[in-house]
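Novice: Based on what follows, work out the 3D shape:
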Amino acid sequence: MKKLCKLSIIMPSLNVVDYIDECIQSALNQTLLDKEIICIDAGSTDGTWEKLVAYANNPKYMEEIVLLHCDVRSYGHQVNLGINIAVGEYVAILETDDYVEKNMYEQLYDIGISNDADFVKADYDTFMTFIENKRIFDKVSLFKNGKKQYGKIISPVRELYLYLNDHTIWKGIYKRDFLLNNNILLNETKGAAFQDIGFSLQVLSMAKRGIYIEESFYRYRLDRDESSINSVHGLKYAYWEFSRLLETEEIKRSLVYTDGIFACMALTFCFELVKALRVVGYDINSHFIKPYYTWFNDQLSYSLKNHLLDIDIYLHIPQLRFILENIDKFIFELKENDFVLKKNREDLISFTKGKRVIIFGFGAYGKEIIKYLYVHGIKIYGICDNNKQLWGCEEYGLPIYEPLSCVKKFPEYSYVIANKIYSEDIYVQLLDLSIKREHIFVCI
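Specialist: Just a heads-up that it's a prediction; the model follows:
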């Protein structure tokens, strides 16, 4: 029998040869020494398996690594297999196209063990890699409006905010006995998409002692083409998760906070419906959409009409009302808005191609536009912003300037306004600073 340890890191893999080295090395280099790393490969054909074998056979690592071959290509099955054979007091899930900072698991374990926590979760960073291996990181904070929930022991069972915002399973650790005693496992559907939703909702429904911390340790990759977040099948995957939760009696009985489950379901439904509609040409009758749309519509409409929820779900997810009450109008307006946006993005690439570009605005929208331009190979020379706190800083590898000094330094550069709220004011501001109209583009 294997010796018990503090933490079991479960790493499910399938054809991630370009990323596996960085991932497994980040696990091996953890400051938490008393750990095991359970690598479960589902039949990789690109060299991933061979790399894992080399690590497992390396005398330096063989005491830590457990390597298994899985015949089932299911992320949920792989993770469940890892949970069932783990000998760690806590378990963590590390997706093999991501990586973690070296002190992540020691920090989380120390907090978990000292507080007898069912789970401990941290914030995380998303990242994208561009030409010359340049990476852009963005921290994702769970609690955006104050820090009162960080560092506290909480019972999340009836915390609606968490049901709407905490769906990621890989940014934390879980007490293994808590998972096994409550039969919390992932759905074993095919592929590697959305099984974390059901797992997360069960954790929230059953945990008595959860802790969230503000530090960011996990690095989540956004730019893998094969990633499930870019899949057309999202609505189907979401259906698989929520139908399991609501139609499996043993699980359903444990989900005591119906409002939270339905709020999460509505949010996921709206998001995935919009994604799917765009892919299939806005055809609600597409086989990618129709059966799953019908199921979600029936479940949510019935609950609302029969007043089975104590919350105003439309208040939290306004988009849902339009989808349920007039889907044809919703699709028409979505299509019209997308057409305008697509035209604006085409004009943006045309405007910036071959030019020296300055981005005006470094809020969430400005970051989105910078990444969009990077993806299309557009070089950016700097950022301009009216926020004094940003002046002199460097973000995304770019300097941030005060507007007047920026214009003086780069009078002939092309300025892209990336601010939805104050775009008209910024446009006038640039004109007043003597930037020519033909050198200004407004992103909508």
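Novice: Surely residue 406 is in contact with residue 384?
Specialist: Yes. Using CB atoms under 8 Å, residue 406 is in contact with residue 384, at 4.4 Å. All C-beta spots, glycine's among them, are computed from the backbone N, C-alpha and C.
Novice: which residues do these two both contact?
Specialist: Residues touching both residue 406 and residue 384 by CB atoms under 8 Å, 6 or more residues apart in numbering: residue 358.
Novice: which stretches of the stretch 1-150 of the chain aren't confidently modelled?
Specialist: 1, 131, 146-147 (pLDDT under 70).
Novice: What are the boundaries of the strands in it?
Specialist: Assigned by DSSP state E, counting those that start in this stretch, the stretch 1-150 of the chain shows strands spanning 5-13, 35-41, 65-69, 88-93, 99-100, 119-129, 135-140.
Novice: Out of those, which gets nearest to residue 290?
Specialist: Nearest to residue 290, of all the strands of the stretch 1-150 of the chain, is strand 5-13, at 31.3 Å by CB to CB.
Novice: May I see the buried residues of stretch 257-268?
Specialist: Residues of stretch 257-268 classed as buried by neighbour count (16 or more other CB atoms under 10 Å): 257, 259, 260, 261, 262, 263, 264, 265, 266, 267, 268.
Novice: Run through who's touching that stretch.
Specialist: 157-160, 162-164, 167, 197, 201, 204-205, 238, 242, 245-246, 255, 296, 299-300, 303, 308-311, 313, 316-317, 320.
Novice: now stretch 326-339
Specialist: Residues contacting stretch 326-339 (CB under 8 Å, 6+ apart): 274, 277, 278, 282, 284, 293, 322, 323.
Novice: For these, give me JSON lines that also has distance to residue 73 and pLDDT.
Specialist: Output for those, formatted as JSON lines (distance: CB to CB, whole Å; pLDDT from 0 to 100):
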{"residue": "274", "distance to residue 73": "28", "pLDDT": "96"}
{"residue": "277", "distance to residue 73": "28", "pLDDT": "95"}
{"residue": "278", "distance to residue 73": "27", "pLDDT": "93"}
{"residue": "282", "distance to residue 73": "31", "pLDDT": "96"}
{"residue": "284", "distance to residue 73": "30", "pLDDT": "96"}
{"residue": "293", "distance to residue 73": "27", "pLDDT": "97"}
{"residue": "322", "distance to residue 73": "37", "pLDDT": "96"}
{"residue": "323", "distance to residue 73": "32", "pLDDT": "97"}
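Novice: ok so, going back, looking at the strands of the stretch 1-150 of the chain, which is closest to residue 346?
Specialist: Across the strands of the stretch 1-150 of the chain, closest to residue 346 is strand 119-129 (CB to CB), at 21.4 Å.
Novice: Name the residues of that closest one that come out as buried.
Specialist: Applying 16+ other CB under 10 Å to strand 119-129 flags 119, 120, 121, 122, 123, 124, 125, 126, 127, 128 as buried.
Novice: Test my guess that the fourth one contacts residue 170.
Specialist: No. Judged on CB under 8 Å, residue 122 makes no contact with residue 170 at a distance of 10.6 Å.
Novice: Quick one: list the elements packing against whatever helix or strand residue 219 lives in.
Specialist: Element membership for residue 219, per DSSP states H and E: strand 210-221. Packing contacts for strand 210-221, counted by 3 or more CB pairs under 8 Å, 6 or more residues apart in numbering; DSSP states H and E, involve strand 99-100, helix 104-115, strand 119-129, strand 135-140, strand 153-154.
Novice: CA atoms only: put it into CSV for me.
Specialist: Output of strand 210-221 as CSV, limited to C-alpha atoms (Å, rounded to 0.1, in the frame of the first residue of the first chain):
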residue,chain,number,x,y,z
GLY,A,210,-14.8,26.5,2.6
ILE,A,211,-12.1,29.2,2.3
TYR,A,212,-11.3,31.6,-0.6
ILE,A,213,-8.0,33.5,-0.7
GLU,A,214,-7.1,36.5,-2.8
GLU,A,215,-3.7,35.3,-4.0
SER,A,216,-3.4,34.0,-7.6
PHE,A,217,-1.4,30.8,-8.2
TYR,A,218,-3.0,28.9,-11.1
ARG,A,219,-2.2,29.9,-14.7
TYR,A,220,-5.1,29.0,-17.1
ARG,A,221,-4.3,28.9,-20.8
